[in-house]
Each structure stands twice: as structure tokens, then as C-alpha cells.
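Novice: Predicted model and sequence below, questions to follow.
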Amino acid sequence: MLSKLFYYPVIVDNLSYLLFGRLAQGQPGGLLLTVLMALAAIAMAMVLGFILALAHWFSPRGIQRVLWLLGEIVRGIPQLLLIFWFYFLLPMLLGRGAPDAVSVIVALGLFNAVTVMVSVLAGLNALPGGQHEAAQANGLNRWQTLRWVLLPQVLDHIVPSMVNLLVALIKDTSLAFVVSVPELTMVSTQVNNREQIYPLEIFLFAGALYFVLCSLLSLGAGRLERRLNRRLGLR
Amino acid sequence: MIHYHFDWSAVLSGAPLHWIVSGLWVTFNLTIWSGVLATLLALLLLGMRLSAYRGLRWISACYVTLFRNTPLAVQLLFWYFGGLQCLPGSWRDWLNTSHQLGGVHFPSTEVLVGVWALTLFSAAFLSEEMRAGVRAVSNGQFDAAHSQGFSHWQSLRWIVLPQALRYAWQPLIGQYLSLMKNSPLTMSIAVTELLYQTNQIESFNLHAIEAYAVATLLYLLLGLLLSLALQQLGKGMFVSGDLHVK
């Protein structure tokens, strides 16, 4: 009865491929690759984003303008175009082929690094000026002030928004299917091409996997934020 | 890298130029049509979310959660492969043959599905920005309107919504820009928009860098123009200082 409405055997038959891809052959794919790519991209976004924010913080105005302009360009074009840039540029720069997944991770990482840079800078600027002055009055230099006084406070506020960034990244890794990286969306189209007549079942299931993953993470982010706010005595 | 020969005429003349121009036109149309339709749907979702009926509020909330927590790529593939399959066969046949509508080509199935998916996806985000705008309007405005004899809908339409849209206008512009930047995803179902055409140049003469550089500039330019136009529209709708929707 249920299988008439929603032909679930097609999901059952392809479940391990949808979840893990060809993991047994040493090539992770499906949902697993989606999560791996999102984690790699957010790690890159965090590290690069903080480096960019520090560079911005310590730079003269001219370089700040250049950084800002580069950020506007990266965030002003479609992410898919950014992916194609790296898809064609990375092999040229490296002189050899790079795995397709890498160009997607680099593109998504760079795009979100700009987001991290902007939110770190916004966090730094939102701190009361007294923090800076008090640290300087205690004999800390500019770098020490930033490292021991300002950044820890910014970090507390930024962690929950990073979970939201991870949620966005999990959805954005689906762009990788355009360059045939075997993440969840790509393996879903492969299964769909093979089975032909169950697109509703296959894409509903893929959508449900993304939905559950993203909703759980969002819920977690909300809790984390409330806990942090309580700890900081904000609410 | 060293052996790469830049040749801008490989992109800016002949067939490639023609492809770029036609791709730009398709991108422009995708953005405008989906933008207008998504705005209407977002207003409907907002109205449902603010209605007195729990059922309507629930449907609207579910819609927003569902469409925001799944990737556009999956939604697009779902509509293209699954949605079309659900249509009656005669409808599909009609869609798959070309038609004239008042001397203009009726859009292809791919374009229609592209607009459909972009509209449904973007409406969820637009309506959330609008709702944030409504929350920013003080409750006193509602109460005052009620006390003047406005019904629930009248106060929403004439008192609260104009203020809410004004508060939400900047984030809304951001969402319209996102819509424009999401439109290249439709290339995966063979909509011949700008990025699709750019890739075509790459496979035609291998001048990837020039082609992507031109596409980058065009997307930036399009974004700039769209944002300026929407700022202007905002100025026209919300007469400065005074709250007033034409």
C-alpha cells in the first residue's frame, strides 16, 4: 500500500550508495562526502577568515580598501561561478589536476572566509572602546590587546553564527554536483538516471536527509547561543 | 599558466559574444520574473503567518522551514524530474513543443521549471525578512489602528505592512541579489543563462579565463544595477521620513 504511494524499495536498494557512495572502494561519497566537504570548507573559512580579519585590523587604510573590494567581488558573484573559477584555475596553477572536490571546497571556503572576516571585524568594532583603552592602560601592546582581550570576546559571540554557517555550507556543497563531485545531490541524480521512474522518491529522500541534518544543527545552534548568552550574562 | 595566451576577442566577438548577450538576457529574465512572483508568494505566506487561524500559520511556518532547510539544487532536480512526471501527459507534450504567444516564444519547459523553483525557494527567504520587519513595528501601531476601527486585515495592509517593508527593505534587497546569484544553478537543467553560455565558450575554444572574467564582471554589474534600482524603488515607495506606500 505504502509502496504504491512512495516506492521505498528504490531507497532501500540504494541506501548505502546514497549515504556513503563508493566508500568500500576508498572513495567516500553521498551524505558522508557532503558532511566532509562542509567541514573542510568551514575549517578553511574560519582559519582564512581570521587571518583576513587580522590583516585588515593591522593594515593601513589603503590595504583595507583592497581587502574590502576583494571581499565584495567574492560575495558579489554566484558561488557556482566561483567554483568554476577554481575548477579551471587550480589545475593551471598547480600544473596538474586537483580532485574536483578540492576546487569546490576552496571556492566555498573562500566565499565564507569573507563572511567570517566581516563578522569578526563587526564583532571587534562592536566591543566598547573602554576594553581597548583599559588593555592599553595595563601595558598590553596592540597585538596582546587583540589576542588576550578583544578576540576572546568576539569568539564567544561568533561561535553560534558559525553553526549557522555550517548549515549554509551543507546546503551549498550541493552545488558540487554541477562539476560531478559525487556528494549527496550528485549520487541522487546518478541513482535517478539508473532507476529512471522514481525521481519523486529519490529527490524527496535526498531533500529529507539535508533537512534533518540542517534542522538538527540549527536547533543545536539555538541551544548553544542561549547557553553562551546565559554564561555571558546577556539574558 | 605561463603558456596561456590571452585573447579577449575569443570571447567578445562572433558566436561567443552572441552567447554571452543571450545568456545575460535569460539571467535578467529569470531574476525579474522569479523576483516578482516570489514577492507575491512571500506576501501571501506573510499574510498566512499573521492570520488568526492556527492552520494557516502552521502551513506557512512549515513551508518556510522546509524550503529554507533544503538545497536549491535538490529542489530544482525534484521539480524538473519529479514534478514534471506528475503532470498529465498531454500537458507535458504541450510544454515540450514550442509555442508562440502574441509573437513571442513561449518559454521552454526548462525555463518554466527554473522560474518555478527559484520562486518557491526565494519566497521562503523573502517572507522571513518581511516577518522580521513586521516584528520591528511596535505593537502599539496595531492597537492604535484597531482603536481607529481598522479590521485586522486593514491595519495590516495600511498601517503595519508599509512600515514593516520599510524596515525590511535593505535585507530584502540582499535577498533579491541572492536570487540573481542563485539563478546560474538552473544551468544544471539546461537553462541557457549566462553561466551556461560561459561554459559553452570554454568548451568551444578553451578560453576559460577570459570567459569567466567577462561573466564575473557582468554578474557584478548586474548586481550593482539591481541594487541601485531597488534602492531607487525603495525611495519611491517610502517617501523619506514619512511612512507611505503608493
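Specialist: Sure, I can see it.

Novice: Just the element for the residue nearest the centre of chain B, please.
Specialist: Residue closest to the mean C-alpha point of chain B, counted by Cα atoms, centre = their mean, is B:Gly35 at 3.6 Å. For B:Gly35, the host element (DSSP states H and E) is helix B:14-49.

Novice: How far does the helix or strand following that helix sit from its chain's centre?
Specialist: Heading C-terminal from helix B:14-49, the first helix or strand you meet, by DSSP H and E, is helix B:54-68. Relative to its chain's centre, helix B:54-68 lies at 20 Å (Cα atoms, centre = their mean, to the nearest Å).

Novice: Could you do stretch B:216-234 as well?
Specialist: 14 Å.

Novice: How about stretch B:202-215?
Specialist: Per Cα atoms, centre = their mean, the centroid offset for stretch B:202-215 relative to its chain is 26 Å.

Novice: Buried residues in that stretch, which are they?
Specialist: B:Glu202, B:His207, B:Ala208, B:Ile209, B:Glu210, B:Ala211, B:Tyr212, B:Ala213, B:Val214, B:Ala215 (16 or more other Cβ atoms under 10 Å in any protein chain shown). The way it works is simple: take the backbone N, C-alpha and C, and place the C-beta from them, glycine included.

Novice: of these, list those near chain A.
Specialist: B:Glu202, B:Ala208, B:Ile209, B:Tyr212, B:Ala215 (Cβ under 8 Å from any Cβ of the partner chain).

Novice: of these, closest to chain A?
Specialist: Among these, B:Ala208 lies closest to chain A (Cβ to the nearest Cβ), at 4.3 Å.

Novice: Roughly how far does that closest one sit from A:Phe86?
Specialist: Distance, B:Ala208 to A:Phe86, by Cβ to Cβ, to the nearest Å: 11 Å.

Novice: ok, A:Met37 touching A:Thr173?
Specialist: Yes - contact criterion Cβ atoms under 8 Å: A:Met37 and A:Thr173 qualify, at 4.6 Å.

Novice: Need the overlap of contacts for the two.
Specialist: A:Val104, A:Leu108, A:Glu183 (Cβ atoms under 8 Å, 6 or more residues apart in numbering or on different chains).

Novice: Doesn't the first one lie inside a helix?
Specialist: Yes - using DSSP: H, G, I helix; E, B strand; the rest coil, the assignment for A:Val104 is a helix.

Novice: what about it, how many neighbours?
Specialist: Neighbours of A:Val104 under the rule other Cβ atoms under 10 Å in any protein chain shown: 28.

Novice: can you pull the contacts of the spatially most central residue of chain A?
Specialist: Chain A has A:Leu169 as the residue nearest its centroid, 3.5 Å off, counting by Cα atoms, centre = their mean. Residues near A:Leu169 by Cβ under 8 Å, 6+ apart: A:Ala38, A:Ala41, A:Ile42, A:Ala45, A:Leu108, A:Asn112.

Novice: For chain A, which segments count as helices?
Specialist: Applying DSSP state H to chain A gives helices spanning A:2-5, A:9-20, A:30-58, A:61-76, A:79-94, A:100-126, A:129-137, A:142-144, A:151-172, A:184-195, A:199-231.

Novice: swap that for chain B, sorry
Specialist: Secondary structure of chain B (DSSP H): helices at B:14-49, B:54-68, B:72-77, B:84-86, B:89-96, B:109-136, B:139-147, B:152-154, B:161-182, B:194-205, B:208-237.

Novice: Next, format those as a markdown table and append mean pLDDT.
Specialist: As requested, the helices of chain B are exported to a markdown table (pLDDT from 0 to 100):
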| stretch | mean pLDDT |
| --- | --- |
| helix B:14-49 | 95 |
| helix B:54-68 | 96 |
| helix B:72-77 | 97 |
| helix B:84-86 | 86 |
| helix B:89-96 | 84 |
| helix B:109-136 | 95 |
| helix B:139-147 | 85 |
| helix B:152-154 | 85 |
| helix B:161-182 | 94 |
| helix B:194-205 | 91 |
| helix B:208-237 | 93 |
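
Novice: quick one: which of the ones you listed is nearest A:Leu82?
Specialist: helix B:208-237 (8.9 Å; Cβ to Cβ).

Novice: circling back: so which of the contacts of A:Leu169 comes closest to B:Ala15?
Specialist: Closest approach between those and B:Ala15, by Cβ to Cβ: A:Leu108, at 32.3 Å.

Novice: low-confidence ranges in chain A?
Specialist: Within chain A, the stretches with pLDDT under 70 are A:1, A:232-235.

Novice: if you set the cut-off to 80 instead, what comes out?
Specialist: A:1-4, A:95-98, A:129, A:132, A:156-161, A:225, A:228-235 (pLDDT under 80).

Novice: which residues touch B:Ala52?
Specialist: Neighbouring residues of B:Ala52 by Cβ under 8 Å, 6+ apart: B:His152.
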